[in-house]
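Engineer: the following block contains a protein sequence and its predicted model.
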Amino acid sequence: MKTISELLAGALADHRAGDVDRAASVYRHILETDPDHADALHLLGVAERQAGRLDHAVALISRAVQRAPAGLEARLNLANALSQRGDREGALALWRSVLVLDPANVAAWHALGTESAGHGGAGRAGAITALRHAARLAPAQADIHHDLGILLRQDDRNEEAIACQRTALSLQPGFLSSWMSLGNALLEEGEIGPAETALKRAVSLSPDRPEIWFNLGNLHYRQADLERALICYRRSAQLGLALARARIVATLVDLQRDGEAEAALAAFLPLEGTDVSSCLEHLYLLLVRGGRQAEARGLFSRLEQAPLAGRLYPVECRTALSALDLADGDPAKAAARLENLRSDNCWMFTVRSLAALERTRRQQGWHWQRAVNRDPTRPRLMSSTLGNRGRFAHNVLEYVLLRLYAEKQGCVLETPDWVGGAYFDLDDPAPGDPLPPWPFCRRVLNGFVTGQRQGEAPIDRDALSPLFLYDYPLAMRDRVRSWLRPRPQWAPWINPPVDALRAVGNTVVAIHIRRGDFLHYGYPITETQSYVDWLRALWPTLDQPVLYLASDDLPAVRAAFRDFRPVTLHDAGPAWPGLEFLQDFHVLTQADIVGISAASGFSQLAARLNERARLCVEPDMATGGIKPFVGWV
């Protein structure tokens, strides 16, 4: 009769050869004899994980770790099972425990690097540090360099990301994901030829991989070669990538092949995985462009109650109806239609805010007419996405980059209706004839604005979702501030809260704490205790201070600051329905001391526009304290 050691060795050989069921039966046989056999518990747990039975896997491997706490492989596999089951924190704790036992464990450093970066940036710095450590320990492991490159690109360190992918490819020339990542990073740099070479190399390695065709479509779209982009997006969708469906529709819309775009929408909207939200925006554009407003009203009213790709989309459908109300000259109805909706949808935010601003304008009775391009001989720059790919601060920061570039290249900047254009005293002309699309343009725009990029600058393009400046030079401060001043007509709503604060104190301290979507998307969260501790030390040094709080989670935040008797917009008034964020924003721009929320463009922008503040601070996510915020460098 074989010993347990012999049985285990044979089962492990079967397991490694791919006969998992046979191996698992032996592991169970061993456990019938010795229920606490650590290796059998561990390996059976691995087999259960491979079979998708994660709860059983976690239970078995947890018992193995209890029986043999020094077993590193069991800890690593338990962490992997927990991560797969969705217990990210439990997995991270286990990987860290492995490093306590074995500080040079490459697998644990690698796992920490790939798993600890939040989607919105929380934890990314630590993740990059972990992957760099893993790369030093295992410099010949291509996948570590690849994963490090991915994070560096997400952290806007594109040149380092490109270097990492090239290192990975020097170690493993057939590394498909590195070829794709390299191509995408080069595309952001505007290196079209090298990007195309990298992506075509990826196609040669795996011609049926839909993501590669999608990326090639993006490359051709970036070149404004819409026909080739359409071919690639269609190939990607045929191979199963649902994300490509919305890109097919967008490209057909850009080509003004409206009939084909509508047919594609009819085919795609019922399908699971379709980006229904984007497709409904395209449907609205097609119907309005075709002068079919009445048809649009009926259709979006029906679609509000009709499941698309498996669920309802009331926000997008009501936004379309509200946009029709606004276009028909009924801003009150447009605003009321969206008043009780809660969503992070950017299109809804823009339509609702524009409706509220227009309602206010009509109540005041002052005239507001969008400008037209007074000099059609000049080159143009447009951004048709301004307003629909972000909310207030996101769009303002995009505008700043676009305007700096347009002025430097002598372009007329054309903008659609957007909240910043209505709130600030701007006079940019409305869009004229369509221009070729220019996606992935952030690095090129920044390069020309700062003078780091030379050569022929693109003009007569539609810059899509250009994002922001990388740095905010002091030399640009006064010019940017001169653009972003509120229209004087909004004074009756934005000035009273500031006046009320100054009536009760000589030093206005305004702190912004953002929660909301930050919790969902994994952005860094500002801990109120950090600001409370900072305020306790600062408060006695101030001349009659008064604290103002701005937050999307006021009840919880206000309770944390109760010792300072905080004032909120509800206390300072007056009500400006749907536009309370603009009142908070204005207070932040006028305060004497400003505390911004971590990773929040809203309060960062307010601090940059504040000409009065003697101190601006932000959370120090590394230490848990508060540090000075330097808005202009």
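Structural biologist: Perfect, I can see it now.
Engineer: so in this protein, where's the weakest helix or strand by average pLDDT?
Structural biologist: helix 517-521 (a mean of 63; mean pLDDT, DSSP states H and E).
Engineer: what are the buried residues along stretch 42-50?
Structural biologist: Neighbour-count burial for stretch 42-50, counted by 16 or more other Cβ atoms under 10 Å, picks out 42, 43, 44, 45, 46, 47, 48, 49. To be clear about C-beta, it is placed using only N, CA and C from the backbone, and glycine gets the same treatment.
Engineer: what about the strands in the stretch 301-450 of the chain?
Structural biologist: Ranges of strands in the stretch 301-450 of the chain, per DSSP state E, counting those that start in this stretch, are 380-382, 412-414, 437-438.
Engineer: cool, and the chain?
Structural biologist: Counting by DSSP state E, the chain has strands at residues 380-382, 412-414, 437-438, 461-463, 507-513, 545-551, 593-595, 615-620, 625-628.
Engineer: could the ones you listed be laid out in TSV, adding mean neighbour count?
Structural biologist: Shown next, in TSV, are those (neighbours: other Cβ atoms under 10 Å):
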stretch	mean neighbour count
strand 380-382	26
strand 412-414	21
strand 437-438	22
strand 461-463	23
strand 507-513	26
strand 545-551	24
strand 593-595	26
strand 615-620	19
strand 625-628	14
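Engineer: which one, of those, ends up nearest to residue 574?
Structural biologist: For residue 574, the closest of the strands of the chain is strand 545-551, at 15.4 Å, according to Cβ to Cβ.
Engineer: still on that earlier bit, quick one, which of the strands of the stretch 301-450 of the chain is nearest to residue 97?
Structural biologist: Residue 97 sits nearest to strand 437-438 of all the strands of the stretch 301-450 of the chain, at 48.7 Å, using Cβ to Cβ.
Engineer: got the contact list for that closest one?
Structural biologist: With Cβ atoms under 8 Å, 6 or more residues apart in numbering as the contact definition, strand 437-438 has outside contacts at 221, 222, 224, 226, 254, 458, 461, 462, 463, 464.
Engineer: now, which of the residues you listed sits nearest residue 151?
Structural biologist: Distances from residue 151 to those, taken by Cβ to Cβ, are shortest for residue 222, at 23.2 Å.
Engineer: tell me the contacts of residue 597?
Structural biologist: Contacts of residue 597 by Cβ under 8 Å, 6+ apart are 512, 513, 514, 526, 603, 618, 619.
Engineer: so for it, what's the nearest residue that isn't a sequence neighbour?
Structural biologist: Excluding its sequence neighbours, the residue lying closest to residue 597 (Cβ to Cβ, 6 or more residues apart in numbering) is residue 514, at 4.1 Å.
Engineer: likewise for residue 407?
Structural biologist: Residue nearest to residue 407 in three dimensions, not counting chain neighbours: residue 413, with 7.9 Å by Cβ to Cβ, 6+ apart.
Engineer: surely the one you found touches residue 402?
Structural biologist: Yes. Assessed by Cβ atoms under 8 Å, residue 413 is found in contact with residue 402 at 6.0 Å.
Engineer: any common contacting residues for the two?
Structural biologist: Here residue 413 and residue 402 have residue 381 as joint contacts, going by Cβ under 8 Å, 6+ apart.
Engineer: quick one: residue 393 from residue 357, how far?
Structural biologist: As judged by Cβ to Cβ, to the nearest Å, residue 393 and residue 357 stand 16 Å apart.
Engineer: okay, these two: which has more neighbours?
Structural biologist: For residue 393 versus residue 357, neighbours defined as other Cβ atoms under 10 Å are more numerous around residue 357 (25 against 19).
Engineer: residue contacts, the closest residue to the more buried one other than its chain neighbours?
Structural biologist: Using Cβ to Cβ, 6+ apart and skipping the chain neighbours, the partner closest in space to residue 357 is residue 422 (4.7 Å). Residue 422 is in contact with 353, 354, 357, 358, 368, 487, counting by Cβ under 8 Å, 6+ apart.
Engineer: now do residue 422, the pLDDT please.
Structural biologist: Looking at residue 422, its pLDDT is 97.
Engineer: surely residue 405 is in contact with residue 448?
Structural biologist: Yes. Applying Cβ under 8 Å, one finds residue 405 in contact with residue 448, separated by 6.0 Å.
Engineer: the more surrounded of those two?
Structural biologist: When residue 405 is set against residue 448 and neighbours are counted by other Cβ under 10 Å, the residue ahead is residue 405, at 24 against 19.
Engineer: re earlier: now the common contact residues for residue 405 and residue 448.
Structural biologist: The contact sets of residue 405 and residue 448 overlap at residue 457 (Cβ under 8 Å, 6+ apart).
Engineer: okay but residue 74 is in contact with residue 63, surely?
Structural biologist: No. Counting by Cβ under 8 Å, residue 74 does not reach residue 63; the two are 9.6 Å apart.
Engineer: which of the two has more neighbours?
Structural biologist: Of the pair residue 74 and residue 63, residue 74 is the one with more neighbours under other Cβ under 10 Å, namely 28 against 20.
Engineer: and that one, what does it touch?
Structural biologist: By Cβ under 8 Å, 6+ apart, the neighbours of residue 74 are 38, 42, 45, 61, 64, 65, 68.
Engineer: please repeat the previous calculation with a cut-off of 7 Å.
Structural biologist: Remark: with contacts taken as Cβ atoms under 7 Å, 6 or more residues apart in numbering, residue 74 is in contact with 42, 61, 64, 65, 68.
Engineer: list just the nearest of the residues you listed to residue 440.
Structural biologist: In terms of Cβ to Cβ, no member of those lies closer to residue 440 than residue 61, at 43.2 Å.
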